[in-house]
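Novice: Any chance you could fold what I've pasted below:
(chains A and B)
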Amino acid sequence: MKINVHSERYQRQVLLPEIGEQGQELLADAKVLVVGAGGLGCPVLQYLAAAGVGYIGIADGDVVSLSNLHRQVLYSLEDVEHLKVKAAAKAVHRINPEVEVKQYPFYLHNVLALELLPKYDIVVDCTDNFATRYMLNDACALMQKPLVMAALTQWEGQLAVLHAGANGTAGINYRDIFPEPPGEHEVPNCAQAGVLGVLPGIIGTLQAAEVIKYLTGVGALLSKGMLHFDLKTGSSWIMEVAPSASRTGPADRQAFLLTNYEWYCGARDVAEIGSRELPTLMEQGAVFVDVRELQERPELPVPHQRLPLSELRNRSAQVEGKEVVVVCHHGIRSIEAVRLLSQWAPAGQKLYSLKGGIMALSAINQSK
Amino acid sequence: MKTTVLFFGALAEITGKGSVEVADCSDTDAVQHAVLQQFPQLSERKYALALNKQLLRSNAPVQEGSTLAFLPPFSGG
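Specialist: Model prediction:
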């Protein structure tokens, strides 16, 4: 069913000189993908449906639970234990039966993202975990797809319109602000830290507003920085972000598809080995990788390859071998290098950072 | 010379306050160092720094009245 832009339903919105019938047509023709139908997703879906966005995709593999209802306002008691996408689609049709809804009852992963994103004009990040957030950011960066991201903690929210620079430029990337994901358990989610139901209502509504602004070309998007909102003080604060020259993240589709985001974003931590375990690993034929810059000396006293960290930050690389020992001078840069290499590692490969760096390695060789 | 330091999200939980003042620092590295000395637990966290509401990527001088914010990534949705 096509949206009837002349309907009385949209009259107050069409009255706005910046929107008009032309703007309403733009909304009717638009396709928006909402990833995550939780606290943020609910207000996004509610307002986009009410505003007359013609086609909305909803991706979420979760079911509604009782502890969702204080903030996920599209759902009611009868939806508990039912798929969120199903309940959300039902709610959207209750609000506006003219909106076409496509349900994706699963968690989005990288292969699917590459398949789905080209079908949409803009993507809304309403996810509640770093794995999907980084994946979605990287996918949208590769495909130059605008992404309205938001994230919450307790009383505060963040929001930015990514990959939507002026005049078709790349715009800002989530990794410009947070180049690498935090470690597991470092950042609590809503289930662990709690959240006031109103907060996703406010931030999600702002996301919906940015989507409508983007689709109709009205106003200035929040695309040059990140908004921080504090519910306790009612204050908002915008940090300006200049796109970074040296950006992390997969350089191309292949590197993107090879990235295991679950693992990369916390379901692991860097394994460090000390000089005690080293002889065993060497006997097993471990491959050594030196990630110091090319001019740094002394040369490692074992066969090795050189992959400077500065290069790894800019392009993907894969090391052959079942066991790989990453070495730098002191064992600090090698931790970052293992994190980076782990994104592109072949299945079953074990990456280790050598504690103490080349100093530890030299000590072993001398004691032989 | 005083620099105001702001903490957002879970970082404010660690420091126990939303902001502190740091005295006699001429650049952002020095401010960050002073803050980490006072709150060593912050060094285990990932955060972005913003000087006067601009994302900071390298050391920069601070002036009287400058504000340095510590922003962690948020996870919830």
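Novice: How about the contacts made by residue 73?
Specialist: Here I'm looking at chain A. Neighbouring residues of residue A:73 by C-beta atoms under 8 Å, 6 or more residues apart in numbering or on different chains: A:42-43, A:46, A:197, A:201. Yep, even glycine has a C-beta here, placed from its N, CA and C like the rest.
Novice: You answered for a different chain; I wanted chain B.
Specialist: A:130, A:151, A:158, A:177-178, A:181-182, A:187, B:46-48.
Novice: List the ones among the residues you listed that fall in helices.
Specialist: Members of these lying in helices (criterion: DSSP state H): A:130, A:177.
Novice: where's the dip in pLDDT among the contacts of residue B:73?
Specialist: Least confident of these in the model: residue A:187, at 69.
Novice: most surrounded residue in the contacts of residue A:73?
Specialist: Greatest neighbour count in those, by other C-beta atoms under 10 Å in any protein chain shown, goes to residue A:42: 26 neighbours.
Novice: Does it touch residue A:76 like I think?
Specialist: No. If you go by C-beta atoms under 8 Å, residue A:42 and residue A:76 don't touch, sitting 11.7 Å apart.
Novice: number of nearby residues for residue A:108?
Specialist: Using other C-beta under 10 Å: residue A:108 sits among 23 other residues.
Novice: do the same with the one 10 residues further on
Specialist: The number of residues packed around residue A:118, counting by other C-beta under 10 Å, is 8.
Novice: Over to residue A:105?
Specialist: For residue A:105, the neighbour count with other C-beta under 10 Å is 16.
Novice: so it makes contact with residue A:83?
Specialist: Yes. Applying C-beta under 8 Å as the test, residue A:105 and residue A:83 come out as touching, 5.2 Å apart.
Novice: which residues touch the residue lying closest to residue A:311 once chain neighbours are set aside?
Specialist: Leaving aside its chain neighbours, residue A:311 sits nearest to residue A:317 (7.3 Å; criterion: C-beta to C-beta, 6 or more residues apart in numbering or on different chains). By C-beta under 8 Å, 6+ apart, residue A:317 lies in contact with A:307, A:311, A:341, A:344.
Novice: List of residues touching stretch A:233-246?
Specialist: So stretch A:233-246 is contacted by A:160, A:165, A:170-173, A:175-177, A:179, A:222, A:224-230, A:313-314, B:48, B:50, B:53-55, B:57, B:69, B:71 (C-beta under 8 Å, 6+ apart).
Novice: Sort out for me which of these are in strands.
Specialist: Of the contacts of stretch A:233-246, the ones assigned to strands by DSSP state E are A:160, A:225-230, B:48, B:50, B:54-55, B:69, B:71.
Novice: May I ask which of those has the most neighbours?
Specialist: residue A:160 leads these on contacts (other C-beta under 10 Å) with 29 neighbours.
Novice: per-residue confidence at that residue?
Specialist: 98.
Novice: what's the answer for residue A:168, then?
Specialist: 82.
Novice: And the helices in chain B?
Specialist: In chain B, the segments counted as helices under DSSP H are B:10-15, B:28-38.
Novice: Checking residue A:212 next. Helix, strand or coil?
Specialist: Secondary structure assignment for residue A:212 (DSSP: H, G, I helix; E, B strand; the rest coil): helix.
Novice: Just give the nearest non-adjacent residue to it, would you?
Specialist: Nearest residue to residue A:212 in three dimensions, chain neighbours excluded: residue A:51, at 5.7 Å (C-beta to C-beta, 6+ apart).
Novice: pLDDT wise, what is the one you found at?
Specialist: Looking at residue A:51, the pLDDT reads 98.
Novice: what sits against it?
Specialist: By C-beta under 8 Å, 6+ apart, residue A:51 lies in contact with A:10, A:13, A:27, A:208, A:212.
Novice: Just flag the most distant two among those.
Specialist: A:10 and A:208 (15.2 Å; C-beta to C-beta).
Novice: Do I have it right that residue A:84 meets residue A:59?
Specialist: No. With contacts counted by C-beta under 8 Å, residue A:84 stays clear of residue A:59, the gap being 9.8 Å.
Novice: Now the common contact residues for these two.
Specialist: Jointly contacting residue A:84 and residue A:59 under the rule C-beta under 8 Å, 6+ apart are residue A:37.
Novice: Tabulate the CA atom coordinates of stretch B:11-30 in CSV.
Specialist: Taking C-alpha atoms only, stretch B:11-30 is exported to CSV below (Å, rounded to 0.1, in the frame of the first residue of the first chain):
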residue,chain,number,x,y,z
LEU,B,11,33.8,7.5,34.4
ALA,B,12,31.9,9.8,36.7
GLU,B,13,31.1,6.8,38.8
ILE,B,14,34.8,6.0,39.1
THR,B,15,35.8,9.6,40.1
GLY,B,16,32.7,10.1,42.2
LYS,B,17,32.0,13.4,40.6
GLY,B,18,31.1,14.9,37.3
SER,B,19,33.9,17.4,37.3
VAL,B,20,37.2,18.4,38.9
GLU,B,21,39.6,21.3,38.6
VAL,B,22,43.2,20.7,37.8
ALA,B,23,45.8,23.5,38.4
ASP,B,24,49.0,24.5,36.7
CYS,B,25,48.9,22.3,33.6
SER,B,26,50.1,23.8,30.3
ASP,B,27,48.8,21.1,28.0
THR,B,28,46.3,18.3,27.7
ASP,B,29,48.9,15.6,28.3
ALA,B,30,49.7,17.2,31.6
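Novice: Just the buried residues of that stretch, please?
Specialist: Under the neighbour-count criterion of 16 or more other C-beta atoms under 10 Å in any protein chain shown, stretch B:11-30 has B:11-12, B:14-15, B:20, B:22, B:25, B:28, B:30 buried.
Novice: Just give me how far that stretch sits from the chain centre.
Specialist: 5 Å (C-alpha atoms, centre = their mean, to the nearest Å).
Novice: how deep is residue A:16 tucked in, by neighbour count?
Specialist: 12.
Novice: Contacts only, for it.
Specialist: residue A:23.
Novice: could you redo the last one with a cut-off of 7 Å?
Specialist: If you count contacts by C-beta atoms under 7 Å, 6 or more residues apart in numbering or on different chains, residue A:16 has none.
Novice: what separates it from residue A:51, distance-wise?
Specialist: The spacing between residue A:16 and residue A:51, counted by C-beta to C-beta, to the nearest Å, is 11 Å.
Novice: likewise residue A:165?
Specialist: Distance from residue A:165 to residue A:51, counting by C-beta to C-beta: 25 Å.
Novice: Save the ones in strands among the contacts of stretch A:233-246 as a markdown table, and put in distance to residue A:264 too.
Specialist: Formatted as a markdown table, the ones in strands among the contacts of stretch A:233-246 follow (distance: C-beta to C-beta, whole Å):
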| residue | distance to residue A:264 |
| --- | --- |
| A:160 | 21 |
| A:225 | 26 |
| A:226 | 22 |
| A:227 | 26 |
| A:228 | 25 |
| A:229 | 28 |
| A:230 | 30 |
| B:48 | 19 |
| B:50 | 25 |
| B:54 | 28 |
| B:55 | 23 |
| B:69 | 27 |
| B:71 | 21 |
